[in-house]
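1. Following is a predicted model, sequence given first.
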Amino acid sequence: MILHGHWLRRLWAGPVCVACAAALTACQQPLNTPVADSTLQEMEADNVIFGMTSYLSSTGVREGRVQADTAYMFADSSVVQLRQMEITFYDEEGREVATVTGLRGRWSPESDEWVARGDVELFVHTDSSQLESQEIHYDPNRDRIWSDSATVRTLADGTVTSGSSFESDMSFENIEVRDVRGGARRVF
């Protein structure tokens, strides 16, 4: 049996119309599967970076490296919120001078000011000393790093000094622990 063009069109018209209707209906139905994990969908940040690394610089010279497990950025703010952060400072020759680690922090890329919070440790590479506090601040315009929280400083020889706060220049030659409590003691 030979079908002519108009009969062939009639045989295909029904299935083609059904397929088109199904396709249009599918386009109008909402997508049932999420695009991202529910944890990511609940975040209020406009941008989230996992494994972030950025650099601090002044007049084209690298002064430090900022790393974080997670960085949260918001469209209405110039501040970046950091989680599991680490900041390393360099001297003029590119050698590591100090490293700060903290559970979380806040960094302003425009000014390079930052604050680290939560079990913060500052390790001074030049003398292998360590400062511990719950919060440490940095201001590059004042060449200053400090904490207004209780501070414990441990020298390489084991000498421990506890105080109410500390302040230092960025060469870490003038570290001042304020209101020393219990004097300095040596830990073996």
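-> Yes, it's here. Remember, predicted model here, so these are calculated numbers, not experimental data.
2. now the chain, which segments are flagged as low pLDDT?
-> Across the chain, the ranges flagged by pLDDT under 70 are 1-43, 182-188.
3. And the spatially most central residue of it, which helix or strand is it part of?
-> The chain has Leu82 as the residue nearest its centroid, 2.9 Å off, counting by Cα atoms, centre = their mean. Using DSSP states H and E, Leu82 sits in strand 80-90.
4. Using CSV, write out every CA atom in whatever helix or strand comes next after that strand.
-> Reading on from strand 80-90 to the C-terminus, the next helix or strand found by DSSP H and E is strand 96-108. Coordinates of each C-alpha in strand 96-108 appear next as CSV, following Å, rounded to 0.1, in the frame of the first residue of the first chain:
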residue,chain,number,x,y,z
GLU,A,96,58.1,34.5,55.9
VAL,A,97,58.1,36.7,59.0
ALA,A,98,54.9,35.6,60.8
THR,A,99,51.9,33.4,60.3
VAL,A,100,48.5,33.9,61.9
THR,A,101,45.8,31.2,62.0
GLY,A,102,42.3,31.4,63.3
LEU,A,103,38.9,29.7,63.1
ARG,A,104,37.3,32.7,61.4
GLY,A,105,38.0,36.2,60.4
ARG,A,106,37.1,39.4,58.5
TRP,A,107,39.3,40.9,55.8
SER,A,108,38.9,44.1,53.8
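5. And the helix or strand hosting Gln67, what's buried?
-> When elements are assigned from DSSP H and E, Gln67 belongs to strand 61-73. Within strand 61-73, the residues scored as buried using 16 or more other Cβ atoms under 10 Å are 63-68, 70-73. From N, CA and C alone the C-beta is placed, and that goes for glycine too.
6. Please apply the same query to stretch 169-184.
-> Neighbour count says stretch 169-184 has 170, 172, 175, 177 buried, by 16+ other Cβ under 10 Å.
7. What of stretch 95-113?
-> 97-102, 104-107, 112-113.
8. which of those residues sit farthest apart?
-> Val97 and Arg104 (23.0 Å; Cβ to Cβ).
9. residue ranges of the helices in this structure, please?
-> Remark: helices assigned in the chain by DSSP state H are 5-28, 38-42.
10. hang on, the earlier thing: who does the strand holding Gln67 pair up with?
-> With DSSP bridges as the test, strand 61-73 is paired with strand 47-58 (antiparallel), strand 80-90 (antiparallel).
11. quick one on the thing from earlier: can you tell me what sits against the strand holding Leu82?
-> With contact meaning Cβ atoms under 8 Å, 6 or more residues apart in numbering, strand 80-90 is reached by 45, 52, 56, 62-74, 96-109, 114, 116, 138, 170.
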